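K.L.:
Build me a model:
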Amino acid sequence: MMLSINPENPQQRLLDRVVECLRQDGVIVYPTDTTYGIGCDIYNKKGIERIYQIKQRDKRKPFSFICPDLATITNYANVSNFAFKIMKRHLPGPYTFVLEATREVPGLLVTRQRTVGVRMPDNQIVLEIVRQLEHPLVTTSVNITQQQTYEDPSLIEDELGGQLDMVIDGGKLSGDPSTVISLLDDKIEVLRQGRGDISWIK
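P.N.:
Here you go, the predicted structure:
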């Protein structure tokens, strides 16, 4: 099923359908400020397993997740004053920040080092979804591991729609991934250069 949602003013009746799908353990595709993402409620264990299968991804590589605001992030990650100031300055935006996980995070989303990747994309559709779901959303790019990401939601529907519960059309996207930055131990380390600017890092 494909839903076309207005990126500037998401229609509430369509958001309601998306949230209901997620609450019924659905796996969806949605727009972010970088690539299209595939995800589910972070407490949907079967959904997470389905995403691993769709992406043909090694289960030793946990997924990141999306939160609607900094307050929610602090429930799932240990955020120092140093990390909070950096994230407040750069979120919402095209970054994934790596932090120490709290006990609230399901085991499937935690690395062996007890870290997690958190995102707050600058995209009204997905931010409204996670606000109204009231749980973070698992996030990973829509592609088979090591293959090119999709920029056009109609191609996602054509090629992967049979494995998904819903595809949200929020327009064509750049296809560039987020920049991944570790803030562990109050040190800034760029783990992947993506769309997010890093000129502010000294």
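
K.L.:
who are the neighbours in contact with the closest residue to Asp25 other than its chain neighbours?
P.N.:
Once flanking residues are discounted, Asp25 sits nearest to Asn44: 4.9 Å by C-beta to C-beta, 6 or more residues apart in numbering. For glycine as for every other residue, the C-beta is placed from the backbone atoms N, C-alpha and C. Asn44 makes contacts with Leu22, Asp25, Val27, Val138, as judged by C-beta atoms under 8 Å, 6 or more residues apart in numbering.

K.L.:
same deal with Thr72?
P.N.:
With contacts defined as C-beta under 8 Å, 6+ apart, Thr72 is in contact with Val130, Pro136.

K.L.:
does it sit in a helix, a strand or a coil?
P.N.:
When classified by DSSP: H, G, I helix; E, B strand; the rest coil, Thr72 comes out as helix.

K.L.:
roughly how far out does the helix or strand of the chain with the lowest mean pLDDT sit from the chain middle?
P.N.:
Within the chain, no helix or strand scores below helix 153-160, which has a mean of 91 by mean pLDDT, DSSP states H and E. Chain-centre distance of helix 153-160: 19 Å, with C-alpha atoms, centre = their mean, to the nearest Å.

K.L.:
That one - contacts with which helices or strands?
P.N.:
Using 3 or more C-beta pairs under 8 Å, 6 or more residues apart in numbering; DSSP states H and E, the elements in contact with helix 153-160 are strand 2-4, strand 28-31, strand 166-169.

K.L.:
With just CA atoms, put the second one into PDB.
P.N.:
Just to be clear, that refers to strand 28-31. The C-alpha trace of strand 28-31 is given here as PDB (Å, rounded to 0.1, in the frame of the first residue of the first chain):
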ATOM      1  CA  ILE A  28       6.800   0.700   6.600                       C
ATOM      2  CA  VAL A  29       8.900   2.900   4.300                       C
ATOM      3  CA  TYR A  30       9.000   6.600   5.100                       C
ATOM      4  CA  PRO A  31      10.900   9.700   4.000                       C
END
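
K.L.:
continuing past it, what's the next helix or strand?
P.N.:
Beyond strand 28-31 in the direction of the C-terminus, DSSP states H and E gives the next helix or strand as strand 36-39.

K.L.:
And that following strand, what does it pack against?
P.N.:
strand 28-31, helix 45-55, strand 64-66, strand 137-141.

K.L.:
Can you list the buried residues in the longest one?
P.N.:
When burial is assessed from 16 or more other C-beta atoms under 10 Å, helix 45-55 yields the following buried residues: Gly47, Ile48, Arg50, Ile51, Tyr52, Ile54, Lys55.

K.L.:
Which strands or helices does it pack on?
P.N.:
Against helix 45-55 (3+ C-beta pairs under 8 Å, 6+ apart) you get strand 36-39, strand 137-141.

K.L.:
Put together a markdown table for these, with distance to Phe97 and mean pLDDT on each row.
P.N.:
Below are those laid out as a markdown table (distance: least, C-beta to C-beta, whole Å; pLDDT from 0 to 100):
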| stretch | distance to Phe97 | mean pLDDT |
| --- | --- | --- |
| strand 36-39 | 16 | 96 |
| strand 137-141 | 13 | 95 |
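
K.L.:
No further questions, thank you.
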